[in-house]
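Peer 1: quick one, fold the following:
(chains A, B, C and D)
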Number of protein chains: 2
Amino acid sequence: MDTAVRALTWAERLRAVGLRVTQPRLAVLAVVHADPHLSADLVAERVRKQIGAVSTQAIYDALKTLTEHDILRRFEPAGSAMRFEVANHDNHHHLVCRTCGTVTDVPWVVGSMPCAVPDDTHGYRVDEAEVTYWGTCPACARAGTVTSS
Amino acid sequence: MDTAVRALTWAERLRAVGLRVTQPRLAVLAVVHADPHLSADLVAERVRKQIGAVSTQAIYDALKTLTEHDILRRFEPAGSAMRFEVANHDNHHHLVCRTCGTVTDVPWVVGSMPCAVPDDTHGYRVDEAEVTYWGTCPACARAGTVTSS
DNA sequence: CTGCTTGCTTGAACGATTCCAGAAAACGTG
DNA sequence: CACGTTTTCTGGAATCGTTCAAGCAAGCAG
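Peer 2: Residues are numbered from 1 along each chain as shown, chains lettered A, B, ... in the order given. Got it, this is the predicted structure:
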C-alpha cells in the first residue's frame, strides 16, 4: 500500500536527476531502503525475490548510477565488499564488528564536529570525513566469552 | 650504513614477538618503512628490487603476519587495494585523494579527541576509530582547473 | 650439528567487480 | 498510439587482488 507511494517517490527522485525509471532501479532502491548496509550480492538476491530475474550487471549498474547521482551512498569497510545505503545526508558513521562484519549506524555527534576537518590538510580540498568505528558487537562478544565464566 | 642498524632493529622486533627473522620479512619491513601506504603489489616490486626473487605469496604472508603481530598496520580506503604502514601507534589518520588515490598522513588532533568514541556504541566494544578524509590533492586540483582560467 | 617448527615456492582457486556486444525497454515526438 | 533514439539490461567472459594447498627449504633450540 505505501509501496505504491514509496515507489512513486523513488521514481520522482530518479526523474529529478534525469534518470530513467526502470524496474531494477526501483527494486534496488526499495531493497536498500528496507535494509541498509547490504552488499551488491545481497541486493541482487533480494531484488530477484521481488521482481524476478535481473542480471547481476543490472544490479551493479543501478548501484553505481544511483550512487553517482547521490541517491545512494556507497561505503566499504576494510576487508568487506562494498555496501550501500540510502543517501540521506545525515552524515552518520559506521560501527563495524570485527568478527561478524555487521554494520550499525552511529548518529553524528554534534559535540565532536571539530574533527570533521583536520588541522593540516596538506593542501587537500577535503569534502568528507568518514569515520569507522571498529569493535565487537554484543552477540560476538557474548559468543567469545562463553567459555570463560 | 644505518641500514644495518635498522635491520637489526627489525630483527629484534621480529624476535620479540616470536617470529623468525627472514630476508623477505626484513625486506618488507624496510620497504614499508621507507615508503608508507604501499599496496601489496608495490611492496612486492620493491622487495624484489632489494633482495631478488620472492614469491607473491611470501609477500602476502609477511604482510599478514607482521600486521597480526602489530608491527605493521593495514588499512584499505574504499575502492583501493590494501595498503600498509609501520604501526607506530600514533593513531594518525589518512587523507585520500579521490582522483589519484594518493594517501597522506594526518596527525591526530588532540582537541578533537571526543569523537574517538561515539556516544551510543549500541553495545559494541569499540577498539578503534578510523578516520578517512576524502578530497582532492593539490596536484589533482590544479590539473582539474587548468581549463578554467 | 640435528631435528622440529615455521616460512617459502609453485600453481591453482576464489570472490567481487568490470568489460563487452547485442537485445530490449523507456521516453519524447509526430 | 506507433516510431525512432537513447539508455538500460542480458549473458558471458575477463580481470584484479587475495587466499588456499602441498611439498620443499630454512631458522633456531638443544
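Peer 1: could you use CA atoms for every contact and neighbour count after this?
Peer 2: OK.
Peer 1: mean confidence score for the lengthiest strand in chain A?
Peer 2: In chain A, assigned by DSSP state E, the strand with the most residues is strand A:125-136. Averaging pLDDT along strand A:125-136 gives 90.
Peer 1: now stretch A:12-31
Peer 2: Averaged across stretch A:12-31, the pLDDT comes to 97.
Peer 1: ok so, going back, helix or strand right after the longest strand of chain A?
Peer 2: The helix or strand immediately downstream of strand A:125-136 is helix A:138-144, counting by DSSP states H and E.
Peer 1: for that next one, name the packing helices and strands.
Peer 2: The helices and strands touching helix A:138-144, judged by 3 or more C-alpha pairs under 8 Å, 6 or more residues apart in numbering or on different chains; DSSP states H and E, number zero.
Peer 1: quick check, distance from it to the centre of its chain.
Peer 2: 24 Å (C-alpha atoms, centre = their mean, to the nearest Å).
Peer 1: again with stretch A:51-59
Peer 2: With C-alpha atoms, centre = their mean, you get 19 Å for stretch A:51-59.
Peer 1: same check on stretch A:11-27?
Peer 2: 18 Å.
Peer 1: keeping just the C-alphas, turn it into PDB.
Peer 2: Extracted in PDB, the C-alpha atoms of stretch A:11-27 (Å, rounded to 0.1, in the frame of the first residue of the first chain):
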ATOM      1  CA  ALA A  11      10.500   7.400  -9.500                       C
ATOM      2  CA  GLU A  12      10.300  11.100  -8.900                       C
ATOM      3  CA  ARG A  13      13.800  11.200  -7.500                       C
ATOM      4  CA  LEU A  14      15.100   9.300 -10.400                       C
ATOM      5  CA  ARG A  15      13.500  11.700 -12.900                       C
ATOM      6  CA  ALA A  16      14.700  14.600 -10.800                       C
ATOM      7  CA  VAL A  17      18.200  13.700 -11.600                       C
ATOM      8  CA  GLY A  18      17.500  12.800 -15.200                       C
ATOM      9  CA  LEU A  19      17.500   9.000 -14.900                       C
ATOM     10  CA  ARG A  20      15.000   6.700 -16.500                       C
ATOM     11  CA  VAL A  21      12.600   4.800 -14.200                       C
ATOM     12  CA  THR A  22      13.100   1.100 -14.500                       C
ATOM     13  CA  GLN A  23      12.000  -1.900 -12.500                       C
ATOM     14  CA  PRO A  24      15.600  -2.900 -11.500                       C
ATOM     15  CA  ARG A  25      16.300   0.600 -10.200                       C
ATOM     16  CA  LEU A  26      13.100   0.900  -8.300                       C
ATOM     17  CA  ALA A  27      13.700  -2.600  -6.800                       C
END
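Peer 1: does that stretch reach DNA strand D?
Peer 2: Yes. Residues of stretch A:11-27 contacting DNA strand D under C-alpha under 7 Å from any atom of the strand: A:19-20, A:22-25.
Peer 1: wait, which of the residues you listed is closest to DNA strand C?
Peer 2: A:R20 (3.9 Å; C-alpha to the nearest atom of the strand).
Peer 1: let me know the distance separating the closest one from A:A11.
Peer 2: 8 Å (C-alpha to C-alpha, to the nearest Å).
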